[in-house]
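Undergrad: Take this sequence and fold it.
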Amino acid sequence: MKLTTRGHYSVKALLDLSLQPGYGPASVRAIASRQNIPAPYLEKLLIEMRRKGLVKSIRGSVGGYKLARKPIQISLGEILESVGETVTASPNLTPEPAQAEDWVTYSLWRRLHQKLKEALYSITLADLYYDARSWQASLGEEANFIV
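TA: Next up is the predicted model:
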């Protein structure tokens, strides 16, 4: 599976929101600046994620977007699905009944697809945060956090 720019930016944006004190709101402009994402594109992604219940929008001078749930309650699969990312394990393969190897290949790809999907829905935003922090610590980097 290859993560597209759309999926990558969505994960980066939500990781950024998970770092806000008390999971408070952050402006699109601030997130875009910290994560090097074009602000108009980020706004569209956040609107899609709001419609799917992953973020909330807050109006006003101290408004912006914030997580709708705690990071441990948001899965990577949900984030990707909210912006239209799909996991495809193989092309639309329809095996020929007489070709046993086609059925074996089809069965294998179907099982791999299911396992990948299970994995994506078991990895949370909190897991990604701690993985990134561990990696940064192993490199001796400071506590600033750019995804």
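
Undergrad: where does the protein have low pLDDT?
TA: Applying pLDDT under 70 to the chain picks out residues 1-2, 87-101, 141-147.

Undergrad: Just give me the longest helix of it.
TA: helix 100-122 (DSSP state H).

Undergrad: And the helices in this structure?
TA: Along the chain, counting by DSSP H, helices occupy 5-18, 28-35, 39-51, 76-82, 100-122, 125-138.

Undergrad: any chance of those helices in TSV, plus mean neighbour count and distance to Gly64?
TA: C-beta here means a position set from N, CA and C on the backbone, and glycine is covered the same way. Output for those, formatted as TSV (neighbours: other Cβ atoms under 10 Å; distance: least, Cβ to Cβ, whole Å):
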stretch	mean neighbour count	distance to Gly64
helix 5-18	21	9
helix 28-35	17	7
helix 39-51	16	9
helix 76-82	21	18
helix 100-122	13	27
helix 125-138	14	18
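
Undergrad: could I get the ones you listed as CSV with distance to Ser61?
TA: As requested, the helices of the chain are arranged in CSV below (distance: least, Cβ to Cβ, whole Å):
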stretch, distance to Ser61
helix 5-18, 18
helix 28-35, 13
helix 39-51, 18
helix 76-82, 27
helix 100-122, 37
helix 125-138, 27
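
Undergrad: what's the closest of the ones you listed to Gly60?
TA: In terms of Cβ to Cβ, the element of the helices of the chain nearest to Gly60 is helix 28-35, at 14.0 Å.

Undergrad: what about the closest one, distance to the chain center?
TA: Once both centres are worked out by Cα atoms, centre = their mean, to the nearest Å, helix 28-35 turns out to sit 17 Å from its chain's centre.

Undergrad: Stretch 73-89 now?
TA: Centroid separation between stretch 73-89 and its chain, computed with Cα atoms, centre = their mean, is 6 Å.

Undergrad: ok, and what's touching it?
TA: 1, 3-4, 6-7, 10-11, 14, 45, 48-49, 51-52, 54, 67, 109-110, 112-113, 116-117, 120-125, 128 (Cβ atoms under 8 Å, 6 or more residues apart in numbering).
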